[in-house]
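[1] how would this look folded up:
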Amino acid sequence: MKNRVPTCTPSGSRSSVAAVLSCLVLLSLAGCEEPAKVEKPAEKAAEKPTAAPEAPPDPRRFDYKKPTVEGKTFFKDLKDGAKLKGKSFVGMIATNVEFGVEGMTVAEEGPVPPNTGHFYVFVDAEPIAEGVKMPTDGKYRNFAKGETSGVIPLAEGKHTLTVQFADGRNRSYGPAWASSVKVVVAPE
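    Predicted coordinates for the structure are as follows:
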């Protein structure tokens, strides 16, 4: 048995010619688009302006709560001019630092009870304004599990370290809850 390939050759009957014409009309309509509307200047002026893209939500608008206590953050046993030594690893020096807070409770990232939070340690960066989401680039180290110490990789030389307290949703409690020290880092 031969495979028959359908062709578009007229067979002479009216119904097949009508079928071919119907197919052609449908195909030509499928490719058509509505003609573009030509706007008149008066129509453009009457249109409402499009809204500016919505800004990201301000974290202070939601459940951010200012601290209701006084206190401070600090580095334990670390003063300005301290010399930090550590093991050299892949061009960085692993330095151990300890930090604390007075007046607030240390907790893991997540829940947002009043006067609780966790630490961030910054390298060569300024404190973050109150209510602002903490940055996540390489200069900022998040101690999200409520740790009060950690290893900070630093390049050899002079640095400013800042410890800052943030709420459970990583929003800064502001410069009042930050403390900075200048250190010199060297390999052991």
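
[2] use CA for all of it now, contacts and neighbours both
    Fine.

[3] Secondary structure of Ala176: a strand, I assume?
    No. Going by DSSP: H, G, I helix; E, B strand; the rest coil, the assignment for Ala176 is helix, not a strand.

[4] so what's the residue lying closest to it once chain neighbours are set aside up against?
    Of all residues not flanking Ala176 in the chain, Lys72 sits nearest, at 7.1 Å (Cα to Cα, 6 or more residues apart in numbering). By Cα atoms under 8 Å, 6 or more residues apart in numbering, Lys72 lies in contact with 101-103, 176-179.

[5] And for Ala186?
    Residues in contact with Ala186 (Cα under 8 Å, 6+ apart) are 83-86, 93, 156-157.

[6] Quick check: it vs Thr68, distance?
    40 Å (Cα to Cα, to the nearest Å).

[7] for Ser149, same thing?
    25 Å.

[8] repeat for His118
    Taken as Cα to Cα, the span from His118 to Thr68 is 16 Å.

[9] Who has more neighbours out of the two?
    His118 (28 against 10; other Cα atoms under 10 Å).

[10] average pLDDT for the one helix or strand the more buried one maps to?
    Assigned by DSSP states H and E, His118 belongs to strand 116-123. The pLDDT scores in strand 116-123 average 96.

[11] So what's the residue count around Phe75?
    Using other Cα under 10 Å, the number of residues around Phe75 comes to 21.

[12] Can you say which two of the contacts of Lys72 are spatially most distant?
    Pairwise distances across the contacts of Lys72 (Cα to Cα) peak at 14.4 Å, for the pair Gly103 and Ser179.

[13] Sounds good, over and out.
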